[in-house]
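*Asks:* whatever this is, show me its structure:
(one chain, ligands or ions: 2)
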Amino acid sequence: MKVFISGNIAPIGLKQLEDNNISITQWKEERQITAEELVQACKDKDGLISVGPNRIDAAFLNACKHLKVIALHSVGFDQVDITEAKKLNIAIGNTPGVLSSATADTAFLLMLAVSRKAFYLHKKIINGGWKNYEPTPELGIEINGKTLGIFGLGKIGLELAKKCAAAYQMKIIYHNRSRNQEAEKEIGAEYVSFEELLAQSDVLSVHTALTAETKDKFTLEVFDKMKPNAIFINTARGGIHNEKDLIKALEDKVIWGAGLDVTNPEPMDKSNPLLSMESVAVLPHIGSATEETRDAMAKLIVENIVAGLKGEKLPYQV
Ligand SMILES: NC(=O)c1ccc[n+]([C@@H]2O[C@H](COP(=O)([O-])OP(=O)(O)OC[C@H]3O[C@@H](n4cnc5c(N)ncnc54)[C@H](O)[C@@H]3O)[C@@H](O)[C@H]2O)c1
Ligand SMILES: O=C(O)[C@H](O)CO
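*Replies:* Ligands and ions are numbered 1, 2, ... in the order given. Below you'll find the predicted structure:
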């Protein structure tokens with residue numbers, strides 16, 4: 001059985017694939033593989049491990065109908081045409097759960113970094129701007145005891161809510177497609193309408209998938225309904241907020257700050273105005289990027305690939 005890997009996965013995953021007698025070919029270049037190159041690379045393969053944003057759209061799936069399984073190196077699957085894959089009987093697997101804590105940590109890190117203007121002040125030191133100790137004009141705001149609003153209280157949202165309730169006694173409110181009884185019982189999370197979420201959150205963190213419903217959900221009109229001292233955090237997908245509107249909302253002080261692990265497009269251009277704003281922190285999509293989590297993701301990917309190549313139901317099937 002032959003598998004193509006379109007990027008890097010943890011070495012433990014490569015070893016486990018070899019232990020299962022799976023022959024692997026891997027994309028080693030620094031640049032992202034193109035759509036044409038991906039089709040070409042998958043021509044004689046039985047499975048694909050898709051790392052990064054390669055579009056697994058109808059064109060790709062129809063050009064590679066022979067694939068038995070595609071294991072995503074992600075929990076998100078907005079890059080995949082699931083309906084078409086189902087029609088063509090190609091199993092799609094993802095990596096739920098194992099990355100929830102690491103990704104919630106990234107949201108937590110951004111929340112604190114924004115609240116104290118940490119990335120901006122770090123750059124200020126590099127640029128020789130730290131002259132002496134004095135009350136700084138760049139004051140932060142505190143998180144302790146404030147209200148955290150979660151948009152999309154699934155696995156990652158719940159991890160963040162638990163961390164914020166425990167560490168900072170934050171009040172947790174959330175808006176979701178359905179009620180999350182576990183969160184309501186465990187941390188007293190309160191279900192609110194989307195409008196209430198906007199009106200009450202001091203920190204609003206996005207954790208839904210990118211779908212037709214959530215695409216461009218956060219526009220200027222929406223930011224306008226938030227508190228002027230609110231912090232907006234997005235570690236889900238860059239397409240969920242409208243970037244032009246977010247820039248305008250920050251420039252006009254409609255909201256206080258923003259922390260982003262995801263942007264639209266990715267990579268973000270280094271001239272982007274968000275990168276020079278005081279109360280903004282941006283990371284290059286590192287939500288799950290810890291050694292422990294990447295090892296755990298690789299193990300799930302191997303389980304999905306091995307099952308898919310045998311024609312069995314994937315343990316983590318989308
Ligand atoms: N930055 C990163 O590296 C990183 C890492 C992991 C996941 N992610 C992103 O985070 C997303 C969430 O991951 P998860 O494991 O928590 O998924 P999940 O499915 O457990 O949670 C998503 C939640 O959003 C809710 N939801 C979906 N559409 C909604 C809508 N229109 N309105 C309200 N609620 C809605 C769902 O009901 C669910 O509770 C992924 O889809 C992925 O895009 C990013
Ligand atoms: O969805 C995910 O798991 C991350 O964003 C990695 O792509």
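*Asks:* tally of neighbours for Val222?
*Replies:* Look at Val222: counted by other Cβ atoms under 10 Å, it has 19 neighbours. In this view, the C-beta of every residue, glycine as well, is placed from N, C-alpha and C.
*Asks:* so it makes contact with Leu198?
*Replies:* Yes. If you go by Cβ atoms under 8 Å, Val222 and Leu198 touch, sitting 6.4 Å apart.
*Asks:* which intervals of the chain have sub-threshold pLDDT?
*Replies:* Across the chain, the ranges flagged by pLDDT under 70 are 135.
*Asks:* now the helices: where do they sit in it?
*Replies:* According to DSSP state H, the chain carries its helices in the segments 11-19, 35-42, 58-63, 82-87, 100-115, 118-126, 155-168, 181-187, 194-200, 220-223, 243-251, 291-309.
*Asks:* want to throw those helices into CSV with distance to ligand 1?
*Replies:* Compiled in CSV, those are given as follows (distance: least, Cβ to the nearest ligand atom, whole Å):
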stretch, distance to ligand 1
helix 11-19, 17
helix 35-42, 21
helix 58-63, 19
helix 82-87, 13
helix 100-115, 4
helix 118-126, 17
helix 155-168, 3
helix 181-187, 10
helix 194-200, 8
helix 220-223, 13
helix 243-251, 16
helix 291-309, 9
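*Asks:* so which of those helices is nearest Val69?
*Replies:* Nearest to Val69 among the helices of the chain is helix 291-309; the distance by Cβ to Cβ comes to 2.4 Å.
*Asks:* how about the residues of the stretch 201-318 of the chain by ligand 2?
*Replies:* Taking Cβ under 6 Å from any ligand atom as the contact definition, the stretch 201-318 of the chain meets ligand 2 at 287-288.
*Asks:* just give me the neighbour total for the closest residue to ligand 1 within the stretch 201-318 of the chain.
*Replies:* The stretch 201-318 of the chain approaches ligand 1 most closely through Gly287 (2.3 Å), counting by Cβ to the nearest ligand atom. Number of residues near Gly287 (other Cβ under 10 Å) recorded here: 23.
*Asks:* again, but for the one 4 residues further on
*Replies:* As a burial measure, the neighbour count of Glu291 was computed by other Cβ under 10 Å and equals 10.
*Asks:* state the number of residues packed around Ala189.
*Replies:* When neighbours are counted by other Cβ under 10 Å, Ala189 registers 26.
*Asks:* quick one: the residue lying closest to Lys65 once chain neighbours are set aside and ligand 1, what's the gap?
*Replies:* Here the nearest residue to Lys65 in space, its sequence neighbours aside, is Leu88; by Cβ to Cβ, 6 or more residues apart in numbering that works out to 5.3 Å. Distance, Leu88 to ligand 1, by Cβ to the nearest ligand atom, to the nearest Å: 23 Å.
*Asks:* now the phi/psi pair for Leu88, please.
*Replies:* The phi/psi pair for Leu88 (degrees, to the nearest 10) reads phi -90, psi 0.
*Asks:* surely it meets Asn62?
*Replies:* Yes. Judged on Cβ under 8 Å, Leu88 makes contact with Asn62 at a distance of 7.2 Å.
*Asks:* surely Lys253 touches Pro228?
*Replies:* Yes. At 6.5 Å, Lys253 counts as touching Pro228 under the criterion of Cβ under 8 Å.
*Asks:* how many neighbours does the nearest residue to Gln26 once chain neighbours are set aside have?
*Replies:* In space, and not counting its chain neighbours, Gln26 is closest to Ile5: 4.4 Å by Cβ to Cβ, 6+ apart. A count of nearby residues for Ile5, using other Cβ under 10 Å, gives 25.
*Asks:* close to ligand 2: what parts of the stretch 51-200 of the chain are there?
*Replies:* Going by Cβ under 6 Å from any ligand atom, the residues of the stretch 51-200 of the chain near ligand 2 are 74-76, 99.
*Asks:* ok, now how distant is the residue in the stretch 151-300 of the chain that ligand 1 sits nearest to from ligand 2?
*Replies:* Here the stretch 151-300 of the chain gets closest to ligand 1 at one residue, Gly154, 1.7 Å apart by Cβ to the nearest ligand atom. Computed as Cβ to the nearest ligand atom, the Gly154 to ligand 2 distance reads 12 Å.
*Asks:* would you confirm that that residue contacts Ala183?
*Replies:* No. Counting by Cβ under 8 Å, Gly154 sits too far from Ala183 to count as a contact (9.9 Å).
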